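>>> Sequence below, structure please.
(one chain, ligands or ions: 2)
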Amino acid sequence: MSDCLFCKIIAGQIPATIVHQDEWLVVIEDINPQAPLHVLIIPRRHIATLNDLTSEDDALVGSMFRRAAALAKEHGYHERGYRTVFNTNREAGQSVFHIHLHLLAGRLLTWPPG
Ligand code: 5GP
Ligand code: ZN
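Ligands and ions are numbered 1, 2, ... in the order given. Just a heads-up that it's a prediction; the model follows:
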């Protein structure tokens, strides 16, 4: 996916602050953070939206949530609380069409979201 921002970041063609990487995932700091901790958990493989997942991706998605929990714990937010969000398509405000799990923590996160 040569025109995908996150594929370019994963390939090292665009700089980002990487906080974790492994065989399956890359985690970066969001460039426009909405909370004291705001990172994006991104699969290395290009998947445009949640609508494109198959049962073969179940372990991948599970690993994204488990990484979010591990990072929340690492930063001391696991007891206080944190939010994990996937935005999908226009009305949810998805702006980068390569799935990514937002992890937000460090302030009171209101509900319902905007
Ligand atoms: P979405 O709106 O698709 O759910 O989330 C996209 C996120 O990517 C936004 O929170 C936005 O701030 C972040 N973002 C957009 N461009 C860049 C970039 O070039 N670098 C980084 N690190 N984050 C970005
Ligand atoms: Zn991509």
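
>>> mind listing what the closest residue to residue 6 other than its chain neighbours touches?
Nearest residue to residue 6 in three dimensions, chain neighbours excluded: residue 98, at 4.0 Å (Cβ to Cβ, 6 or more residues apart in numbering). In short, each C-beta sits where N, CA and C put it, glycine included. For residue 98, the contact set (Cβ atoms under 8 Å, 6 or more residues apart in numbering) comprises 1, 4-7, 42, 46-48.

>>> Give me the neighbour count for residue 56.
Neighbour count for residue 56, taken as other Cβ atoms under 10 Å: 7.

>>> Name the SS class of it, please.
The assignment at residue 56 comes out as helix when based on DSSP: H, G, I helix; E, B strand; the rest coil.

>>> Quick check: it vs residue 36, distance?
35 Å (Cβ to Cβ, to the nearest Å).

>>> Tell me, how many residues neighbour residue 69?
13.

>>> The one 3 residues further on now?
A count of nearby residues for residue 72, using other Cβ under 10 Å, gives 23.

>>> Could you give me the buried positions within the helix or strand harbouring it?
Assigned by DSSP states H and E, residue 72 belongs to helix 58-74. Within helix 58-74, the residues that count as buried by 16 or more other Cβ atoms under 10 Å are 60-61, 63-64, 67-68, 71-72.

>>> Please convert those to TSV, extending it with distance to residue 28.
Below are these laid out as TSV (distance: Cβ to Cβ, whole Å):
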residue	distance to residue 28
60	17
61	18
63	16
64	13
67	12
68	13
71	12
72	16
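
>>> Outside of the strand ranked longest in the chain itself, which residues are in contact with it?
Across the chain, the longest stretch assigned as strand under DSSP state E is strand 37-43. Outside strand 37-43, the residues within contact range by Cβ under 8 Å, 6+ apart are 6, 9-10, 19, 24-30, 60, 64, 67-68, 71-72, 75, 77, 82, 98-106.
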